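Student: After the sequence you'll find the predicted model.
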Amino acid sequence: MRSFRTKFTLLTVCVVIFSLSIVSATSVIFIRNNEHSKSDQLLLLLCETGEKNLNYYFNSVQKSVEKVAAYAEADLEGTDDKSLTVHMNHMEEYFDKMASKTNGVLTYYYRIDPEVSSKVKGFWYTNLDGEGFVEHKVTDITLYDTSDTSKLVWFTVPKHEGEAIWLPPYITDNLNKRVISYNVPIYYQGEFIGVAGIEIDYSIMAEQIDSIRLYSNGYAFLSDAEGNLFYHPHIDVAKLTPETMPEIPEGLKSDSTFTEYTFNGTEKVGAWLALSNGMRLVVSTPVSETEGNWQRLILNIIIVALEVLLVSSVFTLIYTRRITKPLKQLTKAAQLVDAGNYDYELTYDKQDELGTLTNTFKKLANNMKEHISDLSSKVFVDALTSVSNKAAYANECAELQKQIDDRPVQTKFAIGIFDCNQLKMINDKYGHDKGDIYLKNASKAISTAFKDCPVFRVGGDEFAVILTDDSYLNREILINRFYSVSARINATADTQWEQINIAAGFSEYDPDNDHTVEDVARRADKRMYENKLRQSGFADEFTN
């Protein structure tokens, strides 16, 4: 006949086994589902960030060309050669202003249909060295059949379609440059007159896409709904022919934002979003990398659970009564961790098996907490400069907006916007690795000057800083320190890419006039741009 102690011990062991099994199983399910969800959110977040950056850039180009087209149609007073000549003089001046204010413009043009005039052809300006636009000899449209949309696509396609259009990447006539362009047909009293358009350097778009990284082997690329590949960081699309173009997996052609597919024998998961120019931005990473973290966590939980079972069984046989209270504490702590709450209390600190189990559980929970915190922090850190990224900036602005909404008068802060001048010139002249050095030095100067403030990289060559509390009160000192730090860096720099040339603009929150954080940031951006123009020698033009 079994003794009460034996029965109680067996019962306790069974309860421990059952409880740990439930906790472990729940933890496995929770972690697996949670990590899957976080991987999807991270994919989508990177995709959304890239989409916003690219769309902002494409929209700036689109708005510039549409303003030029609207001005052209309003300025036209006739289609005779004399009227068109006067019109061209107006358009060259206006188009130059718009193109100069648009980042990354390689060429801009306004071409007249030869069927309208055989003498007035239009104009074509290029900026191949980043030093400014110069006039280029225009292509002779009369040598082509303009009804064939496979030739002179920048002219024939918008003429044929009769509407503004983004064109897929192509090689420019005469320049042998790979570009993408936005073109708008110009009409006068219902008659087609010509085409105005801007071509942007393909490499600028590629740089933004290459900056999107996830885990060790994740990357981003561009395609369309039909599966045509426009840019891939590991494939030279420019050298491919329709016969050698790799086939896009069917999953990436669907309407589903998330999809799993197999490419070159590797299972991958991808998320895509449509861009304003009709392309699709796809962020992809191997499934093994998204699952690796939670699988290791689950394995550790299973191992720890088995250790707990072994220790608990032996310990219960000897210390049945002593183990009851600390075991309850441990079970409660496990449930809290399983629910995502790491604020638990474990008071048992004896130098025995249960103490070992308690300490092991604490380390496991702390490691899980640090690991999850580390994953969250990486989402908001810029990989190149190690300062906070655009997503972190958006979160900080959202917190400031809550303060404005709750306490508009009491809220005090300032925003600084920085833009790195000459980055494109350094990239083009010395290479993107030197451009990265330039950006890191710029980030170092800003972070050193505003060491107690959050610093953000909000664009390819743009940074932002938010000043609150003591930093806000001492903002004039910090701004002066920024220029001093910049001067020291430039004084010791041996090469052009080690020097920094940063345009900066600052603005304080005014509760009487500002309703949103965006109002303050927009004003700081405007002051930065005025500073940038003054540094570039265009201050008079900006004022006019």
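Tutor: Happy to help now that I have it. Bear in mind the structure is a predicted one, so any value in this text is a computation, not a measurement. Residues are numbered from 1 along each chain as shown.

Student: Mind telling me what element residue 451 is part of?
Tutor: Using DSSP states H and E, residue 451 is not contained in any helix or strand.

Student: quick one: pLDDT of it?
Tutor: Residue 451 carries a pLDDT value of 91.

Student: Now do stretch 151-168: distance to the chain's middle.
Tutor: 30 Å (CA atoms, centre = their mean, to the nearest Å).

Student: How about stretch 508-524?
Tutor: 24 Å.

Student: Quick one: mean pLDDT over that stretch.
Tutor: For stretch 508-524, mean pLDDT is 94.

Student: buried residues in that stretch?
Tutor: 509, 514, 517, 519-521, 523-524 (16 or more other CB atoms under 10 Å). C-beta: built from backbone N, CA, C; applies to glycine.

Student: what residues are up against residue 167?
Tutor: 153-154, 157, 180-183 (CB atoms under 8 Å, 6 or more residues apart in numbering).

Student: can you rerun that using 6 Å?
Tutor: Residues near residue 167 by CB atoms under 6 Å, 6 or more residues apart in numbering: 153, 181.

Student: That one falls within a strand, correct?
Tutor: Yes - using DSSP: H, G, I helix; E, B strand; the rest coil, the assignment for residue 167 is a strand.

Student: What's the separation between it and residue 180?
Tutor: 7 Å (CB to CB, to the nearest Å).

Student: Check residue 143 too.
Tutor: In terms of CB to CB, residue 143 sits 24 Å off from residue 180.

Student: And those two? Which one has more around it.
Tutor: When residue 143 and residue 180 are compared for neighbours, residue 180 comes out ahead with 24 against 9, by other CB atoms under 10 Å.

Student: Determine the three-state secondary structure at that one.
Tutor: strand.

Student: Please name the bridge partners of it.
Tutor: Residue 180 forms beta bridges with residue 200, as assigned by DSSP bridges.

Student: Tell me the confidence at it?
Tutor: Reported pLDDT for residue 180: 88.

Student: and if you look at residue 469?
Tutor: Looking at residue 469, its pLDDT stands at 93.

Student: any idea how far residue 269 is from residue 260?
Tutor: 5 Å.

Student: neighbour count winner among those two?
Tutor: It is residue 269, of residue 269 and residue 260, that has more neighbours when counted by other CB under 10 Å, with 22 against 12.

Student: Pull up the pairing partners for the one helix or strand the more buried one maps to, direction included.
Tutor: Using DSSP H and E, residue 269 maps to strand 266-274. Applying DSSP bridges, strand 266-274 is found paired with strand 258-263 (antiparallel), strand 280-286 (antiparallel).

Student: buried ones in it?
Tutor: For strand 266-274, a neighbour-count test (16+ other CB under 10 Å) marks 268-273 as buried.

Student: what's the farthest-apart pair in the residues you listed?
Tutor: Greatest spacing in those, by CB to CB: 268 and 273 (16.9 Å).

Student: Adding distance to residue 463 and pLDDT as columns, could you present the buried residues of strand 266-274 in TSV?
Tutor: Shown next, in TSV, are those (distance: CB to CB, whole Å; pLDDT from 0 to 100):
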residue	distance to residue 463	pLDDT
268	33	85
269	32	86
270	30	85
271	27	85
272	29	86
273	25	88
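
Student: need the helices for the stretch 201-350 of the chain, in chain order.
Tutor: With DSSP state H, counting those that start in this stretch as the criterion, the stretch 201-350 of the chain has helices at 202-210, 287-318, 320-338.

Student: Quick check: phi and psi at the closest residue to residue 150 other than its chain neighbours.
Tutor: Excluding its sequence neighbours, the residue lying closest to residue 150 (CB to CB, 6 or more residues apart in numbering) is residue 156, at 7.9 Å. Note on residue 156: its backbone torsions stand at phi -70, psi -40 [degrees, to the nearest 10].

Student: got the angle between the lengthiest helix in the chain and strand 280-286?
Tutor: Longest helix of the chain, by residue count under DSSP state H: helix 4-75. Angular relation of helix 4-75 and strand 280-286 on a 0 to 180 degree scale: 150 degrees, by axes from the mean of the first three to the mean of the last three CA atoms, to 10 degrees.

Student: Could you give me the buried positions within whichever helix or strand comes after helix 4-75?
Tutor: The helix or strand immediately downstream of helix 4-75 is helix 81-100, counting by DSSP H and E. By 16+ other CB under 10 Å, the buried positions in helix 81-100 come out as 83-84, 87-88, 91, 94-96, 98-100.

Student: Closest one to residue 198 out of the residues you listed, please.
Tutor: residue 99 (6.6 Å).

Student: quick one: pLDDT of that closest one?
Tutor: On the pLDDT scale, residue 99 is placed at 90.

Student: List the contacts of it.
Tutor: Taking CB under 6 Å, 6+ apart, we find residue 99 in contact with 105, 108.

Student: What separation is there between it and residue 132?
Tutor: Distance of residue 99 to residue 132, given as CB to CB: 10 Å.

Student: can you check residue 426 too?
Tutor: Distance from residue 426 to residue 132, by CB to CB: 16 Å.

Student: out of these two, which sits in the busier spot?
Tutor: residue 426 (24 against 10).

Student: Make sure I have this right: that one is in a helix.
Tutor: Yes - per three-state DSSP, residue 426 lies within a helix segment.

Student: Could you measure from it over to residue 213?
Tutor: Distance, residue 426 to residue 213, using CB to CB: 22 Å.

Student: any low-confidence regions in the stretch 51-200 of the chain?
Tutor: The model of the stretch 51-200 of the chain has pLDDT under 70 over residues 173.

Student: The same query, at a cut-off of 80, please.
Tutor: 172-174 (pLDDT under 80).

Student: Secondary structure element holding residue 505?
Tutor: Following DSSP H and E, one finds residue 505 within strand 502-508.

Student: buried set for that strand?
Tutor: 502-507.

Student: What residues does residue 517 make contact with?
Tutor: Here residue 517 is in contact with 397, 400-401 (criterion: CB under 6 Å, 6+ apart).

Student: Throw together a PyMOL command that grabs the buried residues out of those residues.
Tutor: Here is the PyMOL command that selects the buried residues among the contacts of residue 517 (16+ other CB under 10 Å):
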select buried, resi 397+400
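
Student: and of the contacts of residue 517, the nearest to residue 473?
Tutor: Comparing those against residue 473 with CB to CB places residue 400 closest, at 16.7 Å.

Student: That closest one and residue 451: what is the separation?
Tutor: Residue 400 sits 20 Å away from residue 451 when distances are taken as CB to CB.

Student: Tell me which of the strands paired with strand 266-274 sits most buried.
Tutor: Highest mean neighbour count among the strands paired with strand 266-274 (mean count of other CB atoms under 10 Å): strand 280-286, with a mean of 23.

Student: could I get it in PDB with only the CA atoms?
Tutor: Provided in PDB are the C-alpha atoms of strand 280-286 (Å, rounded to 0.1, in the frame of the first residue of the first chain):
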ATOM      1  CA  ARG A 280       6.100  46.900 -57.700                       C
ATOM      2  CA  LEU A 281       8.600  47.100 -54.900                       C
ATOM      3  CA  VAL A 282       9.300  43.600 -53.500                       C
ATOM      4  CA  VAL A 283      11.100  42.800 -50.300                       C
ATOM      5  CA  SER A 284      12.200  39.200 -50.100                       C
ATOM      6  CA  THR A 285      14.100  37.000 -47.600                       C
ATOM      7  CA  PRO A 286      14.700  33.300 -47.200                       C
END
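
Student: picking up where we left off before, wait, which of the strands paired with strand 266-274 is closest to residue 393?
Tutor: That would be strand 280-286 among the strands paired with strand 266-274, by CB to CB, at 19.9 Å.

Student: Which pLDDT value belongs to the residue lying closest to residue 385 once chain neighbours are set aside?
Tutor: Leaving aside its chain neighbours, residue 385 sits nearest to residue 443 (3.8 Å; criterion: CB to CB, 6+ apart). Model confidence at residue 443, given as pLDDT, is 94.
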